[in-house]
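K.L.:
What shape does this take:
(one chain, ligands or ions: 1)
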Amino acid sequence: MKYLKKTDPQIFKAILGEAKRQDEKLELIASENFVSRAIIEAEASVMTNKYAEGYPGRRWYNGCQFIDIAENLAIERAKKLFGAEHVNVQPHSGSQANQAVYFSMLNVGDTVLAMDLRCGGHLTHGHALNFSGKHFNIIPYGVDRTTERLDYDEIRRLAKEARPKMILAGASAYPRIIDFRIFREICDEVGAFLLVDMAHIAGLIACGLHPDPVPEAEFVTTTTHKTLRGPRSGMILCKKQFAKKIDTEVFPGIQGGPLMHVIAAKAVCFKEALKPSFKKYQGQTIKNAKTLSGALSERGYRIVSGGTDNHLLLIDLSDKKITGKDASLMLDKVGIVANKNLIPFDKQNANLTSGLRLGTPALTTRGMKEKEMTDIAELIDIVLRKDTKGLDAVKKKVKRLTRRFPLYKDLMKDLERA
Ligand code: DSN
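P.N.:
Numbers count the residues shown, from 1 in each chain. Okay, the predicted model is just below:
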């Protein structure tokens, strides 16, 4: 980064600071991960210079022969990874992927059944201030009050009552398996089409470690940077019959020029995800989440729904006299990064929350396993118990752990050398 350092020392310093922060902290935000150096190289490449409005072989600008190679590779690899009939790799984000499906298939005012944000859904699943909540009639479904799991009978009942045009399955903070086949059946019963937003669990699905939505849904959207461990971006998979509709909605419908450096990086991500080692990684991510959940539960924390089947868990702090907001701030001070999160039927508002969401994708990428998860549960417990005498020891342990599992060793050296 010697050019950057010379041209813009302030930005160079910020990047160095961020690299150090990532290296020195325990990252437990469930939606974050660390990409490979290969992905960083593809994303920080000259492909950022090229305008390529259109699709491979039919662009509005000339000079797209190498761009087409990258986009075609991304498409073919994604198709293979997920067994999809058609893939659009151009959405800049998961939100835009969802937006493209809404606007290509629905009219403003149409009814959509989607998971309530307060029970684990996402902003684009109907939040009042989001395009979804502003333009569509959203009927939210939640989880069962006792099991804190999806209640498919209730979802069916709501669907029969509301007759939605689209049902949206998928979540941002739901630790259990989602049965996409039942969603398909409900859609067929009421004449709706199914959109599955698999952003959080895409990596698990790619490896067969979570039931597959692709055969069940007309549309499957995802981000590419969570469990999938690629660059920050989005993607849409759909049945062949909707290919033209969805492509036209992405461009020129809601986007202009695709970000070709990001698409090249997505292609690298999909190549990495097709390797057998990726399945091992996803399996370890789940084992780590289960271990972390079990260890916290043994220490007296109530885990929403009693545990986890995937990469994340939610701690209910309402009996600990501490909000999710305060818990996350206290943890951050000792180098443990996690986010506050609403839990089902939360009595707190979204700014405070009673919950803390923890995820294991990032730490698993660093090579951490069950033993480290048990140790981290102890550290979290010391902080949340407000054992102020123990805090220095926790900070030291975080340092020791992050040193034992260094991140981007060469990158850190390169940055410091620059
Ligand atoms: N903001 C993401 C998350 O943290 O789950 C969802 O897009």
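K.L.:
Against the ligand, how distant is S104?
P.N.:
According to Cβ to the nearest ligand atom, to the nearest Å, S104 and the ligand sit 21 Å apart. C-betas here are computed from N, CA, C, even on glycine.
K.L.:
again but with Y301, I slipped
P.N.:
Computed as Cβ to the nearest ligand atom, the Y301 to the ligand distance reads 21 Å.
K.L.:
what does G83 give?
P.N.:
24 Å.
K.L.:
ok, now which ones touch the closest residue in space to P211 that isn't next to it in sequence?
P.N.:
Leaving aside its chain neighbours, P211 sits nearest to F180 (5.8 Å; criterion: Cβ to Cβ, 6 or more residues apart in numbering). Contacts for F180 were tallied using Cβ atoms under 8 Å, 6 or more residues apart in numbering; they are 169, 194, 196, 211-213, 216-217.
K.L.:
Give me the buried entries from those.
P.N.:
Buried subset of these (neighbour count, 16 or more other Cβ atoms under 10 Å): 169, 194, 196, 212-213, 216-217.
K.L.:
Which single residue of this structure ends up nearest the ligand?
P.N.:
Closest residue of the chain to the ligand, Cβ to the nearest ligand atom: S31 (3.3 Å).
K.L.:
wait, that residue sits on R229?
P.N.:
No: assessed by Cβ atoms under 8 Å, S31 is found out of contact with R229, at 11.7 Å.
K.L.:
For the two, indicate the residue with more neighbours.
P.N.:
Set S31 next to R229 and count neighbours by other Cβ atoms under 10 Å: R229 wins out with 25 against 20.
K.L.:
isn't the more buried one right next to A362, touching?
P.N.:
No: in this structure R229 lies outside contact range of A362 using Cβ under 8 Å: 9.1 Å.
K.L.:
can you list residues touching both of those two?
P.N.:
33-34.
K.L.:
Flag every residue of the stretch 251-400 of the chain that's near the ligand.
P.N.:
Within the stretch 251-400 of the chain, no position is near the ligand by Cβ under 6 Å from any ligand atom.
K.L.:
Where is the longest helix in this structure?
P.N.:
When the chain is parsed with DSSP state H, its longest helix is helix 276-298.
K.L.:
which residues are in contact with that helix?
P.N.:
Under the contact criterion Cβ under 8 Å, 6+ apart, helix 276-298 has outside partners 175, 203-204, 206-209, 227, 229, 272, 303, 307-313, 315, 358-361, 363-365, 368-370, 372-374, 376-378, 380-381.
K.L.:
buried stuff in it?
P.N.:
The neighbour-count check on helix 276-298 (16+ other Cβ under 10 Å) flags 278-279, 281-282, 284-286, 288-297 as buried.
K.L.:
May I have it exported as CSV, CA atoms only?
P.N.:
C-alpha atoms of helix 276-298 as CSV (Å, rounded to 0.1, in the frame of the first residue of the first chain):
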residue,chain,number,x,y,z
PRO,A,276,-13.9,-29.8,0.1
SER,A,277,-12.1,-27.7,2.8
PHE,A,278,-15.1,-25.3,2.7
LYS,A,279,-17.4,-28.0,4.0
LYS,A,280,-15.0,-28.8,6.8
TYR,A,281,-15.0,-25.1,7.7
GLN,A,282,-18.8,-24.8,7.7
GLY,A,283,-19.1,-28.0,9.8
GLN,A,284,-16.7,-26.5,12.3
THR,A,285,-18.6,-23.2,12.4
ILE,A,286,-21.7,-25.1,13.5
LYS,A,287,-19.8,-27.2,16.1
ASN,A,288,-18.3,-24.0,17.5
ALA,A,289,-21.7,-22.3,17.7
LYS,A,290,-23.2,-25.3,19.5
THR,A,291,-20.2,-25.4,21.9
LEU,A,292,-20.4,-21.7,22.6
SER,A,293,-24.2,-22.0,23.2
GLY,A,294,-23.8,-25.0,25.5
ALA,A,295,-21.0,-23.4,27.5
LEU,A,296,-22.9,-20.2,28.0
SER,A,297,-26.0,-22.2,29.0
GLU,A,298,-24.0,-24.1,31.6
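K.L.:
For it, give the mean pLDDT please.
P.N.:
Helix 276-298 carries an average pLDDT of 98.
K.L.:
Could you give the separation of it from the chain centroid?
P.N.:
16 Å (Cα atoms, centre = their mean, to the nearest Å).
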